[in-house]
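Undergrad: next come a sequence and a model predicted from it.
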Amino acid sequence: MLRLLVAALASVSLWISSTQAAFGLKESGNNYVVDTNAGLVFTVDKTSGDITSMVFNGIETQGTGKHSHISSGIGASCSWYQGGNSNNYIVITCTTSTLIQYYVGRYNDPAIHMMTYTTAEPSIGELRFIARLNSATVNQGYPQSKIQGGTAIEGSDVYSVSGQTHSKFYSSRQFIDDQVHGVTGSSGVGVFMIIPGTGYEGSSGGPFMRDINNQWGDDQELYFYMNSGHTQTESYRQGLHGPYALWFTSGSTPSTYSTTFWDTLSGISGLVTQASRGRVTGKATGFPSGSSSLISIGWSNSAAQYWVRTDSSGNYVSPYMKPGTYTMTLYRTELAIGSQSVTISAGSTGTSNIASTESTPSYIWILGDYDGTPRGFLNADKIETMHPSDSRMSSWGPVTFTVGSSVSSLPMAIFKDIGALTLKTTLTSSQIGARTLGIATTLAFAGGRPQVTVNGWSGSSPAAPTQPDSRGVTRGTWRGNNILYTVNIPSGTLVAGENTIVINVISGSSGSQYLSPNVVLDSIFLY
């Protein structure tokens with residue numbers, strides 16, 4: 001009788017712990033309830049893999065609508081064990097035929113540590129973790145992504161709210177600068193997504209990819225996007241994604257953290273330990289000394305991607321990388337200016353210096369910094385956080401711009417349905433003759449590309465560009481594939497005095513206003 005009673009009690013409520021009384025996991029019906037001994041108690045439904053409760057310092061932060069989960073829920077079956085260093089880790093494994101979601105509670109961490117293993121893309125076509133938070137207790141998100149009370153004006157993801165345009169896309173940041181993002185509450189709680197170290201290695205898009213961080217609707221949604229199709233510039237990677245963590249505070253922003261504890265855990269599919277990784281160090285050269293441009297280096301192959309900023313002298317040390325051969329790319333701001341191959345070997349640090357191969361023609365004039373971005377042009381300072389139609393935007397045109405004026409009055413994008421960009425340039429007799437006009441672009445939509453006329457002479461029509469098949473500039477990004485169009489202007493076309501250059505957007509597609517074929521400008525120059 002006593003044995004039966006003990007067994008019954010164990011099946012209802014089982015706390016597993018080493019030396020810490022509060023730390024452990026309790027099984028209750030279909031639920032795994034994990035106490036981290038750091039103020040956080042979270043619950044995972046073992047029949048679905050969803051997180052159904054996240055109580056921090058007595059405050060329920062889980063939303064009242066849908067659960068928190070990978071993708072849109074995976075219908076997984078889950079198991080768990082306690083292990084790692086000093087048994088300080090509760091590891092929950094939720095499995096489907098093509099995806100495994102790992103949740104880890106670490107002793108004295110107010111966090112849910114996670115990794116995601118995939119062998120195929122989820123059926124929804126994108127890979128993301130969504131923390132759906134209670135907007136009553138976590139009530140301070142990104143203002144530009146607050147859609148409560150709004151009216152959809154583009155698709156189901158861009159809204160007009162009190163006369164301003166808001167969207168979840170406007171919460172994005174470049175991956176290289178987005179290790180910590182989060183939301184807070186007046187109740188004295190903050191919830192942050194941390195993507196430390198090599199957390200993006202299984203993601204897709206490169207260092208300057210941007211994706212959704214927050215949507216502030218009925219629930220306060222906090223995201224980690226691994227891939228999405230939102231202006232995606234490369235194929236999705238499968239395998240292990242992360243590590244990443246949902247970290248809870250009393251409101252302050254946490255810092256990143258060491259992820260090497262994952263190496264002590266068993267059964268993590270696709271895990272490559274730090275000891276089995278390699279690094280590379282070296283120096284980037286060939287860019288102007290004291291350049292105001294940020295210098296970055298990226299490494300990529302079909303299995304992984306990495307990046308790092310150099311110091312002001314160009315020196316760098318890479319992250320710990322999976323062994324393999326990578327394309328190593330040197331970037332000035334967001335413009336690729338050098339590339340080479342490098343092989344990473346397990347347990348070793350190699351050396352690979354890289355030099356810029358960027359050409360520097362003698363410009364007659366140049367509009368904008370040729371750096372892979374439209375920064376400096378009109379509306380470029382706003383486009384990441386609002387729709388082109390927003391009343392806070394300046395007019396997109398059609399525009400006539402006089403070379404020599406401030407480029408801050410030249411729009412960062414040309415839309416086919418809005419009209420051409422006309423340039424007026426005064427040249428001397430020594431500046432005419434056969435010349436080359438360069439139009440550097442960072443993104444295009446619906447096959448848009450520039451076609452040029454100079455004083456009535458028409459340049460050729462370029463072929464349709466290779467760009468992501470996705471809305472871009474209306475979703476708050478200029479990041480696509482950098483393409484430079486060159487127009488060879490024959491001798492006798494340019495004249496001493498005033499010249500008129502008209503840049504039209506051509507395409508076999510059509511569309512209205514900001515969803516018409518368009519190009520985003522990086523720089524325009526004559527040499």
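TA: Received it, and whenever you're ready, just let me know what you need.
Undergrad: domains for the protein, by residue range?
TA: 13-264, 274-355, 365-526 (automatic domain parsing).
Undergrad: ranges for the strands of the stretch 201-350 of the chain?
TA: Here the stretch 201-350 of the chain has its strands, by DSSP state E, counting those that start in this stretch, at 210-211, 214-216, 219-227, 239-249, 279-285, 295-300, 305-309, 315-317, 324-332, 335-344, 349-351.
Undergrad: ok, the stretch 1-150 of the chain next?
TA: 24-28, 31-35, 40-45, 51-56, 59-60, 69-70, 77-83, 89-95, 99-106, 111-118, 127-134.
Undergrad: want to try CSV for the ones you listed, with mean neighbour count and distance to Gln220 as columns?
TA: From N, CA and C alone the C-beta is placed, and that goes for glycine too. Shown next, in CSV, are the strands of the stretch 1-150 of the chain (neighbours: other CB atoms under 10 Å; distance: least, CB to CB, whole Å):
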stretch, mean neighbour count, distance to Gln220
strand 24-28, 17, 27
strand 31-35, 20, 22
strand 40-45, 22, 16
strand 51-56, 21, 12
strand 59-60, 17, 13
strand 69-70, 26, 15
strand 77-83, 16, 25
strand 89-95, 22, 23
strand 99-106, 24, 20
strand 111-118, 24, 16
strand 127-134, 24, 4
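Undergrad: distance to Gln140 and mean pLDDT for the ones you listed - can I get that in CSV?
TA: CSV is the format used below for those (distance: least, CB to CB, whole Å; pLDDT from 0 to 100):
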stretch, distance to Gln140, mean pLDDT
strand 24-28, 31, 97
strand 31-35, 26, 98
strand 40-45, 19, 98
strand 51-56, 15, 98
strand 59-60, 14, 97
strand 69-70, 23, 98
strand 77-83, 32, 97
strand 89-95, 29, 98
strand 99-106, 26, 98
strand 111-118, 20, 98
strand 127-134, 11, 98
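Undergrad: can you put those in CSV and add distance to Ile503?
TA: Formatted as CSV, the strands of the stretch 1-150 of the chain follow (distance: least, CB to CB, whole Å):
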stretch, distance to Ile503
strand 24-28, 63
strand 31-35, 58
strand 40-45, 54
strand 51-56, 51
strand 59-60, 55
strand 69-70, 45
strand 77-83, 57
strand 89-95, 53
strand 99-106, 46
strand 111-118, 43
strand 127-134, 37
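Undergrad: ok so, going back, what's the closest of the strands of the stretch 201-350 of the chain to Ile414?
TA: strand 335-344 (19.6 Å; CB to CB).
Undergrad: what about the closest one, average pLDDT?
TA: Mean per-residue pLDDT for strand 335-344: 98.
Undergrad: quick one: strands adjacent to it?
TA: Paired with strand 335-344 in the same sheet, following DSSP bridges, are strand 324-332 (antiparallel).
Undergrad: may I have the strand it pairs with as PDB, with CA atoms only?
TA: C-alpha atoms of strand 324-332 as PDB (Å, rounded to 0.1, in the frame of the first residue of the first chain):
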ATOM      1  CA  GLY A 324      35.000  23.700 -43.400                       C
ATOM      2  CA  THR A 325      35.800  25.900 -46.300                       C
ATOM      3  CA  TYR A 326      34.200  29.300 -46.300                       C
ATOM      4  CA  THR A 327      33.900  32.300 -48.600                       C
ATOM      5  CA  MET A 328      35.400  35.200 -46.600                       C
ATOM      6  CA  THR A 329      34.100  38.600 -47.500                       C
ATOM      7  CA  LEU A 330      35.400  42.000 -46.600                       C
ATOM      8  CA  TYR A 331      32.700  44.700 -46.200                       C
ATOM      9  CA  ARG A 332      33.000  48.500 -46.000                       C
END
